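Trainee: Predicted model, plus sequence, below.
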Amino acid sequence: MSNLTLLMSQTEQALQNIKQQQLPLLTQTTDWQSKYRILMQLGKGLPSFSPELQRDELLIAGCDSKAWLLHEFDQDSSRHYWAFDSEARIIKGLVTLALCQLNGLSASELTQINFQQLFALQGLQQNLSPSRQNGLHAVIKTLSMQAGLLD
């Protein structure tokens, strides 16, 4: 099994576990400090990219810290899958939250997602610094482009 295949498989399993076990805690929590701690834990749940997968072509432009996004489109199932890693734990946690909602969706299902609203429901964006908001927007833009939703 290649490093890429292993990473995608581990990411899919990690996202399922996070979705079932940790996301309910995030929705039940009301104060920012508790949400922040949960987000940091979400990011720890995703596997890290090996050094050979931390390639420049996977870097997200617009992030202050290094962040890598890997996209795969499964031709057989017509579904999109992502893996993500970042040096910034809070960004990794926020993107993990997004991937829990997006990974494994078809193109038609992805068109129903309002990418800009992924975090608004949790009340997360207003508590982020401008540089973190910019980084998060850069990741969302890249996800949208990879899903074929933007030119």
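Mentor: Thanks, I have the structure now. Residues are numbered from 1 along each chain as shown.

Trainee: Identify all contacting residues around the top helix by length along the chain.
Mentor: The residue-count maximum for a helix in the chain (DSSP state H) belongs to helix 3-21. Under the contact criterion Cβ atoms under 8 Å, 6 or more residues apart in numbering, helix 3-21 has outside partners 1, 42, 45-47, 49-50, 52-53, 70, 72, 81-84, 96, 99-100, 103-104. For glycine as for every other residue, the C-beta is placed from the backbone atoms N, C-alpha and C.

Trainee: Identify each buried residue in that helix, please.
Mentor: 7, 8, 11, 12, 14, 15, 18, 19 (16 or more other Cβ atoms under 10 Å).

Trainee: Reformat these as TSV; add distance to residue 38 and pLDDT.
Mentor: What follows is the buried residues of helix 3-21, written out as TSV (distance: Cβ to Cβ, whole Å; pLDDT from 0 to 100):
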residue	distance to residue 38	pLDDT
7	24	92
8	25	93
11	19	95
12	21	94
14	15	94
15	15	95
18	10	92
19	13	90
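
Trainee: would you turn those into CSV with distance to residue 112?
Mentor: Shown next, in CSV, are these (distance: Cβ to Cβ, whole Å):
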residue, distance to residue 112
7, 27
8, 23
11, 22
12, 21
14, 24
15, 19
18, 22
19, 18
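
Trainee: Now do the closest residue to residue 94 other than its chain neighbours: how many residues are near it, please.
Mentor: Excluding the flanking residues, the one nearest residue 94 by Cβ to Cβ, 6 or more residues apart in numbering is residue 136, at 5.7 Å. For residue 136, the tally of surrounding residues (other Cβ atoms under 10 Å) stands at 24.

Trainee: cool, residue 141 as well?
Mentor: So residue 141, with other Cβ under 10 Å, has 17 neighbours.
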